[in-house]
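S.K.: Any chance you can model this:
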Amino acid sequence: MKVLVVGGGGREHAIVWKLKQSPRVAQIYCAPGNAGIGQMAECVNIQAGDVYGLLNFAREKSIDLTVVGPEIPLTNGIVDIFEKEGLKIFGPSRAAAEIEGSKALAKEIMAKYHIPTARYATFDHAEEARAYVQKHGAPCVVKADGLAAGKGVIVAMDDETALAAVDIIMAQRAFGQAGDRVVIEEFLQGEEVSVLAFIEGDTIIPLVASQDHKRVGDNDTGPNTGGMGAYAPAPLYTPELAERVEREILRPTVQALAAEGRTYRGVLYAGLMVTADGPKVLEFNARFGDPETQPVLSLLETDLVDIMESILEGKLAQQPVAWKDGAAVCVVMAAGGYPGKYGKGQEITGLAEVPPEVQVFHAGTALRGGRIVCDGGRVLGVTGVGRNIPEAIDRAYQGVRSIVFEGAHYRTDIGRKALSKI
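M.R.: All right, here's what the predicted structure looks like:
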């Protein structure tokens, strides 16, 4: 079969890598792809947000299955448009994807259906948001309502930071239209965990749980990023906690979306905070997470094509999903200056010296004059697999030490939180 993967980051490289292992797949295209993806698929110069360009390409090449990586095409309705034309595509509908596209909508649904989450208030005007901060005080979390590439969330531990966050989002328009509205939430204490699940009808099959590292610096310091690394499985996520999350969060959310006319089909990502009062939802995403996908798919045993087709055919309940023993750790190597302004074009060397137990997923790279160069903020996701988390950590950092590019920076503590729990 011929498969089209939409997107060009580390998540999409991991998806392409996993799909290529399927004996059912003869050809993979990726739009727009990157330098690493180009080594295992044919990259197509169509941007992920160009829904009709992608549609025309899928028709022209008689694509059998399209897999959507990023959130923007999903919230723009790519699934509805492809399905209307009779094309198979993996991902939620536009209406279902709004659970990620609007944080305010997600909070309204959670409040209406009693799904545990932080207390919140939503504002369309900056002066009202400022007044709320001045009345209720910090700590709090200020979020741009719309899509902001994982960066539109500011954790404010004091009133000054909270007021500045409102200004950055609503007055300075740092995240564009995503900041037309802000959500201000109660600050939750605890430890985060990322839970992804395959969803089809009433069938929910959770993937192995992972933990993302959002802050740019070691020990969770500095501004939020799109994610500086992740590991799986997360020892924090015990079988007892998993049962509670499915009962109190995943199943009620899927049922709530169906009740709201937003029936969900695809992968649902729940970013959770495990508090003293139990798990609470920080955010929902309507697709595979990034960088969580890199370690999670590294541990998936079952053919990903089989799982995706079972969801599209309404047969997920009959589809076994198996996982490899061991653990995987992904360390993101970022460009100098990220998550602020960063340069492009720096040559990347040492990729051929990476140990065989390590898979390097390209996120922001390009091929120029036969050289692989930096072309984004998060450049590489260096992913080690081992018998356990300590071994996977060691292998990932062995890989990182093999790779060189000007300005490279990365966290040195990815997976450290897991070590105290094993």
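S.K.: quick one: secondary structure of the closest residue to Thr383 other than its chain neighbours?
M.R.: In this structure, Thr383 finds its nearest non-sequential neighbour in Cys330, 4.3 Å apart by CB to CB, 6 or more residues apart in numbering. In short, each C-beta sits where N, CA and C put it, glycine included. Applying DSSP: H, G, I helix; E, B strand; the rest coil to Cys330 yields a three-state assignment of strand.
S.K.: Next: Pro356.
M.R.: coil.
S.K.: How many neighbouring residues does it have?
M.R.: 6 (other CB atoms under 10 Å).
S.K.: repeat for the one 3 residues further on
M.R.: The local packing of Gln359 (other CB under 10 Å) involves 24 other residues.
S.K.: Which secondary structure state does it sit in?
M.R.: Gln359 ends up strand, using three-state DSSP.
S.K.: ok, the residue lying closest to it once chain neighbours are set aside - contacts?
M.R.: Excluding the flanking residues, the one nearest Gln359 by CB to CB, 6+ apart is Thr383, at 4.9 Å. Neighbouring residues of Thr383 by CB atoms under 8 Å, 6 or more residues apart in numbering: 294-295, 298, 328-331, 358-361, 396, 399.
S.K.: Wait, a helix at Thr383?
M.R.: No - counting by three-state DSSP, Thr383 is located in no helix; its state is strand.
S.K.: any idea how far Ala334 is from it?
M.R.: 15 Å (CB to CB, to the nearest Å).
S.K.: Spit out the contact partners of Gly150.
M.R.: Shown in contact with Gly150 (CB under 8 Å, 6+ apart): 214, 224-227, 290.
S.K.: I'd like to know how far it sits from Ala317.
M.R.: Where Ala317 is concerned, Gly150 sits at a distance of 32 Å (CB to CB).
S.K.: Would you mind finding the longest helix in this protein?
M.R.: helix 389-402 (DSSP state H).
S.K.: Does anything pack onto the next helix or strand after that helix? Which helices or strands?
M.R.: Scanning forward in sequence from helix 389-402 by DSSP states H and E, the next helix or strand is helix 416-419. Judged by 3 or more CB pairs under 8 Å, 6 or more residues apart in numbering; DSSP states H and E, helix 416-419 is in contact with helix 389-402.
S.K.: can you list contacts of the helix it packs on?
M.R.: Residues outside helix 389-402 that contact it (CB under 8 Å, 6+ apart) are 231, 235, 295, 326-331, 333, 350-351, 353-355, 357-358, 360, 382-386, 410, 412, 414-416, 418-419, 422.
S.K.: Show the average pLDDT along it.
M.R.: What helix 389-402 shows for mean pLDDT is 98.
S.K.: Please identify the buried residues of the helix or strand encompassing Val5?
M.R.: Per DSSP H and E: Val5 is located in strand 2-7. Within strand 2-7, the residues that count as buried by 16 or more other CB atoms under 10 Å are 3-7.
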